[in-house]
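Trainee: Show me the folded form of this:
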Amino acid sequence: MNNVYAIARKELRSYFASPIGYVIVGLFALLFGWFFYAYLGFFVRSSEQMMMGGRTPNLNQDMVRGVLLNSAVIILFVMPMITMRTYSEEKRSGTIELLLTSPVSDVQIILGKFFGAMGLYAAMLGVTLLYIAILFWYGNPEWKPIAAGYLGLLLMGGCFVSMGLLVSSLTKNQIVAGIVTFALFLFLWVINWIGETAGPVGREIVSYLSITEHFDDFARGVIDTKHLVYYLSFITFGLFLTAKSVDSERWRG
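Mentor: Numbering: from 1, shown residues only. Below is the predicted model:
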């Protein structure tokens, strides 16, 4: 575990050694803040109408859920910028040979890079907690649905990171890695739209493969075992394929 921690720390430090880490965190916080402001304004305006109609406004369902769902859209665009350099930069600079010949296993390298990227992603989510703190300062939201939503964002981000590592391990070009990663992310995002034209069985299969369908329950504050199994299986499978890719690189080297 010491090797994994050392690699993860090196990866995380490398993000903030250049402006990329600060730009990604700042961009995510800015866009999240815009959605937060927009949904908060809408919630305030519609609360009076809800109460006049006999309905009690729910801060979690009427506002927080929408913010979390839209933040998932931001992740779709931001995550390729995090993962595109993980292996591509090593290959371009020639340091991949040093890494592969060092006394660490492929699994340790992959886990170190995975946790390093997840560290940056966790920092992104951590900054947004400042907005959520405003709700607790001026309102009385339920913390459990919010925690479930952030767990869903963390797991979804883990899926994106594992897939991004795989794509980055297949090319030396960061731009290519970023574009291909985004294309795969987008495919998993809209795959349920494709399933609308399929039959009942095909629609059910495609819906299960859709990464967004599994997040919706988390955004509503529901933690379902099948969603946990999906995300954890996705992450494991992505890291497994990355291990096979790195192993083939070692043999070619």
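
Trainee: drop to CA atoms for contacts and neighbour counts, all remaining ones
Mentor: Fine.

Trainee: separation between Phe215 and Leu154?
Mentor: 10 Å (CA to CA, to the nearest Å).

Trainee: My error: substitute Phe187 in the last question.
Mentor: 20 Å.

Trainee: So which of Phe215 and Leu154 has more stuff around it?
Mentor: Using other CA atoms under 10 Å as the criterion, Phe215 and Leu154 rank with Phe215 on top: 26 against 17.

Trainee: which ones are touching the more buried one?
Mentor: By CA atoms under 8 Å, 6 or more residues apart in numbering, the residues touching Phe215 are Gly152, Leu153, Met156, His227.

Trainee: how about the helices of the stretch 151-253 of the chain, start to end?
Mentor: Here the stretch 151-253 of the chain has its helices, by DSSP state H, counting those that start in this stretch, at 174-194, 200-209, 213-219, 225-252.

Trainee: Which elements pack onto the last one?
Mentor: Identification of packing neighbours for helix 225-252 by 3 or more CA pairs under 8 Å, 6 or more residues apart in numbering; DSSP states H and E yields helix 106-138, helix 143-168, helix 213-219.

Trainee: Please work out the angle formed by the directions of that helix and helix 106-138.
Mentor: Calculated by axes from the mean of the first three to the mean of the last three CA atoms, to 10 degrees, helix 225-252 forms an angle of 140 degrees with helix 106-138.

Trainee: quick one: buried residues of helix 225-252?
Mentor: For helix 225-252, a neighbour-count test (16 or more other CA atoms under 10 Å) marks 227-228, 230-232, 234-235, 238-243, 245-247 as buried.

Trainee: Which single one of the residues you listed is nearest to Ala72?
Mentor: Proximity of those to Ala72 (CA to CA) peaks at Tyr231, which lies at 14.5 Å.

Trainee: among the buried residues of helix 225-252, which two are most distant?
Mentor: His227 and Asp247 (30.1 Å).

Trainee: list the contacts for Ala123?
Mentor: Residues in contact with Ala123 (CA under 8 Å, 6+ apart) are Val25.
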